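>>> 3D, please:
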Amino acid sequence: MRSTWQHDDFVSYKLGRLFEFSSRGLIYNITLVSLLITVTSLLLFAPHMAFAKDTSAAEALRAVENKYQTAMSVKMDVKKTLRLSVLDKTKESHGEMTLQSPGHMRLELKEPDNSLLVVNPKSVWLVHHPLDDDFDDKVRVTVSKEPLKSQPQMLVVFLMGSGSLLDTFTIKNEATWKPGGEPIELEPKKKTESEISKASLIIEAGEIKKLSYFDHLDNETVLEFSKTKFGEKIKKTLFEYKPPKDAVVTRVD
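Next up is the predicted model:
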């Protein structure tokens, strides 16, 4: 889905069909949006824990997932780095992510993205604020009602806080992985059906510190997490959104 308001100099990357960014706007495919959200949130709801030296990568991953099942909320700072392979460009954004079980998430990124993503069990809202008021001063909003009905089952179980990444991915370095900051390398079991070619994550003290993944165009997205806080009381209104009256709203069923 491409919007007519964008310039011919539109530059986009395709991380599967998850997110597409450009210097003038943001294109969003609602069907696969929660892959990033749910994989990230699944792994991040984890209090501090220490792994024994003989802990396997699968055991470490399951332990983090298990901690997520019992957590109610988490807030963290996020640094996002996007590397566009063909264009040889790198973009960085900083913001905050807030998650609450089950199925609630808010990700707000500042410049250059200046975007907001709000997820609740009934809707997904993607909000892109204008970067240049002289060019376009409209807020662009994409919304999907009842998104869980249109998403693959693997995304539903992650978003609702159940299931395991090991149902969908295999660990490439299971035989050699050791605790202490070494990346866990993942690849999809069904490569022809996946929009992600490979992924990796770093677990330190029982928390995910870094998550990175590549699409089939070799574009890389890296998410780094810091200042993580667990169990804070969060207002329900944080996971709601009402677009401005003059916003351009696109609805996806």
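
>>> my guess is residue 210 contacts residue 221. True?
No: with contact defined as Cβ atoms under 8 Å, residue 210 does not reach residue 221; the gap is 11.3 Å. For glycine as for every other residue, the C-beta is placed from the backbone atoms N, C-alpha and C.

>>> looking at these two, which one has more neighbours?
residue 221 (21 against 16; other Cβ atoms under 10 Å).

>>> show me where the stretch 101-250 of the chain has strands.
Assigned by DSSP state E, counting those that start in this stretch, the strands in the stretch 101-250 of the chain fall at 104-109, 115-119, 123-128, 140-145, 169-171, 184-188, 198-204, 207-214, 220-230, 248-252.

>>> mind putting the ones you listed into JSON lines with mean pLDDT and distance to residue 71?
Formatted as JSON lines, the strands of the stretch 101-250 of the chain follow (pLDDT from 0 to 100; distance: least, Cβ to Cβ, whole Å):
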{"stretch": "strand 104-109", "mean pLDDT": "87", "distance to residue 71": "12"}
{"stretch": "strand 115-119", "mean pLDDT": "87", "distance to residue 71": "17"}
{"stretch": "strand 123-128", "mean pLDDT": "88", "distance to residue 71": "22"}
{"stretch": "strand 140-145", "mean pLDDT": "87", "distance to residue 71": "26"}
{"stretch": "strand 169-171", "mean pLDDT": "90", "distance to residue 71": "22"}
{"stretch": "strand 184-188", "mean pLDDT": "90", "distance to residue 71": "20"}
{"stretch": "strand 198-204", "mean pLDDT": "86", "distance to residue 71": "15"}
{"stretch": "strand 207-214", "mean pLDDT": "85", "distance to residue 71": "11"}
{"stretch": "strand 220-230", "mean pLDDT": "88", "distance to residue 71": "6"}
{"stretch": "strand 248-252", "mean pLDDT": "88", "distance to residue 71": "30"}
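
>>> nearest to residue 78 among those strands would be which one?
Evaluated over the strands of the stretch 101-250 of the chain, closeness to residue 78 peaks at strand 220-230, with 6.1 Å, by Cβ to Cβ.

>>> burial of the residue lying closest to residue 201 once chain neighbours are set aside, as a residue count?
Once flanking residues are discounted, residue 201 sits nearest to residue 211: 4.8 Å by Cβ to Cβ, 6 or more residues apart in numbering. By other Cβ under 10 Å, the residues close to residue 211 number 21.

>>> how close does residue 211 sit to residue 200?
For residue 211, the distance to residue 200 equals 8 Å [Cβ to Cβ, to the nearest Å].

>>> same check, this time on residue 78
Distance of residue 78 to residue 200, given as Cβ to Cβ: 17 Å.

>>> one more: residue 85?
Using Cβ to Cβ, we find residue 85 at a distance of 17 Å from residue 200.

>>> now swap in residue 56 and tell me
Using Cβ to Cβ, residue 56 is found at 16 Å from residue 200.

>>> residue 121 now?
29 Å.

>>> so for these two, which residue has more residues nearby?
Comparing residue 121 with residue 200 by other Cβ under 10 Å, the one with more neighbours is residue 200, at 18 against 13.

>>> I figured the more buried one hits residue 187, correct?
No: taking Cβ under 8 Å as the definition, residue 200 is not a contact partner of residue 187, at 9.7 Å.

>>> quick one: secondary structure of the closest residue to residue 166 other than its chain neighbours?
Nearest non-adjacent residue to residue 166, counting by Cβ to Cβ, 6+ apart: residue 58, 6.2 Å away. In three-state terms, and counting by DSSP: H, G, I helix; E, B strand; the rest coil, residue 58 is helix.

>>> right, and residue 58 touches residue 173 too?
No: assessed by Cβ under 8 Å, residue 58 is found out of contact with residue 173, at 11.1 Å.

>>> for residue 73, see how far away residue 189 is.
In terms of Cβ to Cβ, residue 189 sits 31 Å off from residue 73.
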